[in-house]
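Undergrad: Got a sequence here, can you model it:
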Amino acid sequence: MKKIIVVLVLALLLPALKANAQWQPDVRLTNDSAFSFTSGNNARCVTSSGNVVHVVWVGSRYGSKDKIYYKCSTDAGISWGTDTRLTYTDTNSAASPSVAVSGSIVHVVWNDYYNNADRDLYYKRSTDGGLSWEAEIQLTAYYTLSSSASVAVSGTVVHVVWEDYRNGRLEIYYKHSTNSGVNWEQDVRLTDDFDYAYYPSVAVSGAVVHVVWHAQHQGHDVIYYKRSTDAGVSWGADTRLTNDTSWSEYPSVAVSGLAVHVVWRDERDGNDEIYYKLSTNAGINWGADTRLTNDTALSSGSSVAISGSVVHVVWRDERDGIFTEIYYKRNPTGNSIGIININSEIPASYSLHQNYPNPFNPVTKIQYELPRAGVVRLAVYDVMGREVESLVNERQAAGSYEAVWDGTRFASGVYFYRLTAEGYGETMKMMLIR
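TA: Predicted structure coming up:
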């Protein structure tokens, strides 16, 4: 059955939406009886540099084994060039492509099956924006199971992560190139404390590299994270991002400056749903989990990307009776508020604190306490009583929280913020000075 790869670039074709809210409604992107699939490894099958957009996917045209294909747009997705086949060996099947770009250099990684048995990673690059391609390079040579690669690039440093079975169980491995893919350093094993670890995704901002993956640990399927602050030379400790007893799997990560965004599939509500989590300080602390989908149908295969302040998420969904329909939603503010649980102790009562600093320009922090779990809403209003930003609108556990509001888009003046939760409500005033 023919598989159609649908990628994040579809988000670029959507009309502009109002930017006075956070996560906006789901949008159905495909409407065809054929199957549609997001990226095989939930990492990046699309990337861009300026107005040039690059896309990779798997195709099995003309009865051949699966191959990697590429195409690009030079006008921000309005029109597209012809398809380019990147892999040619007829005895091999290729899978799980990932693409990244820095300037005019395009980097693609994928895994190839030699005679449908051994599986290794391969790499190919273009130095002229996708017009021509150099010969492929084999990145792993253990002839076991190396797959689900994800690639990210910052300047001349290219980062690749993947799942690998060379030691008798699936673990996450990493390698990088410091000269735009010409030469590659040795493989580095990133995990060593799990029953298995797989499905990694990588993102980079400057010298800070962020990796997320799915692991089975102590009988639970959870999402883990770790980072490097020196461009992959050394790595920090593993951080567990999900703490529910149900399955959490297939994560994807994107980064813009200090803001790190993660999405994944989760079964905690008795149904497969898409969840989201944010760090506003480069992965040091993490906000609460946010449920992005709310339907009795299954949702899976989520991918996240960020462009400017806009966060884009796509996934596949069966709410319309076809499991492989593609849905999309976005957060036009980039969820810049960043909700962080700053204390796990249970407070004695509800409390809303004065923002600090106050007056502020343009960012301020708002702390509040919840003595019990429940649906929480924290919103900002102008002097006319009109809501201008929704900071929190989700179920949160008992604890102390901190929200960050970025008033860059707003004029100087007096604003009010109001917290409501389980019968509690309180409003306070703050001053934005530009």
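Undergrad: would you say residue 293 is within a helix?
TA: No. Counting by DSSP: H, G, I helix; E, B strand; the rest coil, one finds residue 293 to be coil, located in no helix.
Undergrad: residues in contact with residue 108?
TA: Contacts for residue 108 (C-beta atoms under 8 Å, 6 or more residues apart in numbering) come out as 56, 68, 70, 86, 97-99, 123-125, 151. The C-beta positions use only the backbone N, C-alpha and C, and glycine is treated the same way.
Undergrad: partners of it in the sheet?
TA: residue 99, residue 124 (DSSP bridges).
Undergrad: Relative to residue 416, how far out is it?
TA: 50 Å (C-beta to C-beta, to the nearest Å).
Undergrad: cool, and residue 228?
TA: Separation of residue 228 from residue 416 (C-beta to C-beta): 42 Å.
Undergrad: who's more crowded, those two?
TA: Taking other C-beta atoms under 10 Å, residue 228 and residue 416 do not tie; residue 228 has more neighbours (21 against 16).
Undergrad: what's near enough to touch the more buried one?
TA: Residue 228 is in contact with 207-209, 234-236, counting by C-beta under 8 Å, 6+ apart.
Undergrad: let's see it at 7 Å
TA: 209, 234-235 (C-beta atoms under 7 Å, 6 or more residues apart in numbering).
Undergrad: next one: residue 198
TA: By C-beta under 7 Å, 6+ apart, the neighbours of residue 198 are 148, 163, 170, 213-214.
Undergrad: now residue 297
TA: Taking C-beta under 7 Å, 6+ apart as the test, what residue 297 contacts is 317-319.
Undergrad: which stretch of helix or strand covers it?
TA: Using DSSP states H and E, residue 297 maps to neither a helix nor a strand.
Undergrad: can you check residue 276 too?
TA: Going by DSSP H and E, residue 276 is in strand 273-279.
Undergrad: Now tabulate the contacts of residue 108 in JSON lines and tack on neighbour count.
TA: Shown next, in JSON lines, are the contacts of residue 108 (neighbours: other C-beta atoms under 10 Å):
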{"residue": "56", "neighbour count": "27"}
{"residue": "68", "neighbour count": "26"}
{"residue": "70", "neighbour count": "22"}
{"residue": "86", "neighbour count": "19"}
{"residue": "97", "neighbour count": "30"}
{"residue": "98", "neighbour count": "29"}
{"residue": "99", "neighbour count": "27"}
{"residue": "123", "neighbour count": "22"}
{"residue": "124", "neighbour count": "21"}
{"residue": "125", "neighbour count": "22"}
{"residue": "151", "neighbour count": "27"}
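Undergrad: which among those gets closest to residue 423?
TA: Comparing these against residue 423 with C-beta to C-beta places residue 98 closest, at 48.1 Å.
Undergrad: Give me the distance between that closest one and residue 414.
TA: 48 Å.
Undergrad: Quick check: which element contains residue 311?
TA: Judged by DSSP H and E, residue 311 forms part of strand 310-317.
Undergrad: I meant residue 265, not that one.
TA: Per DSSP H and E: strand 259-266 holds residue 265.
Undergrad: With residue 428 instead?
TA: strand 424-432.
Undergrad: how does the chain divide into domains?
TA: By the record's domain assignment, the chain is partitioned as 3-331, 340-432 (automatic domain parsing).
Undergrad: Distance from the chain centre to stretch 72-81, please.
TA: Relative to the mean C-alpha coordinate of its chain, stretch 72-81 is positioned 23 Å out (C-alpha atoms, centre = their mean, to the nearest Å).
Undergrad: same check, this time on stretch 160-169
TA: Counting by C-alpha atoms, centre = their mean, stretch 160-169 is centred 21 Å from the centre of its parent chain.
Undergrad: Only alpha carbons, please: show it as PDB.
TA: Below are the C-alpha coordinates for stretch 160-169, written out as PDB (Å, rounded to 0.1, in the frame of the first residue of the first chain):
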ATOM      1  CA  VAL A 160      23.300  13.000  14.900                       C
ATOM      2  CA  VAL A 161      21.500  10.700  17.400                       C
ATOM      3  CA  TRP A 162      20.100   7.300  16.700                       C
ATOM      4  CA  GLU A 163      19.000   4.000  18.400                       C
ATOM      5  CA  ASP A 164      21.500   1.200  18.200                       C
ATOM      6  CA  TYR A 165      21.500  -2.500  19.200                       C
ATOM      7  CA  ARG A 166      25.200  -3.200  19.000                       C
ATOM      8  CA  ASN A 167      25.500  -4.100  22.700                       C
ATOM      9  CA  GLY A 168      22.500  -6.500  22.800                       C
ATOM     10  CA  ARG A 169      19.900  -3.900  23.700                       C
END
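Undergrad: tell me which residues of it are tucked away?
TA: 160-166 (16 or more other C-beta atoms under 10 Å).
Undergrad: From those, which land in strands?
TA: Using DSSP state E, 160-164 are the members of those that sit in strands.
Undergrad: re the thing from before, what's the strand holding residue 276 in contact with?
TA: For strand 273-279, contacts defined as C-beta under 7 Å, 6+ apart pick out 241, 259-266, 285-287, 289-293, 299, 302, 313, 315, 335, 338.
Undergrad: again, 6 Å this time
TA: 241, 260-264, 266, 286-287, 289-293, 299, 302, 315, 335, 338 (C-beta atoms under 6 Å, 6 or more residues apart in numbering).
Undergrad: Wait, a strand at residue 400?
TA: Yes. Applying three-state DSSP, one finds residue 400 inside a strand.
Undergrad: Just give me the neighbour total for it.
TA: Using other C-beta under 10 Å, the number of residues around residue 400 comes to 18.
Undergrad: before we move on, back to that, between the contacts of residue 228, which has the most around it?
TA: In terms of neighbour count, residue 209 stands highest of the contacts of residue 228 at 27 neighbours, by other C-beta under 10 Å.
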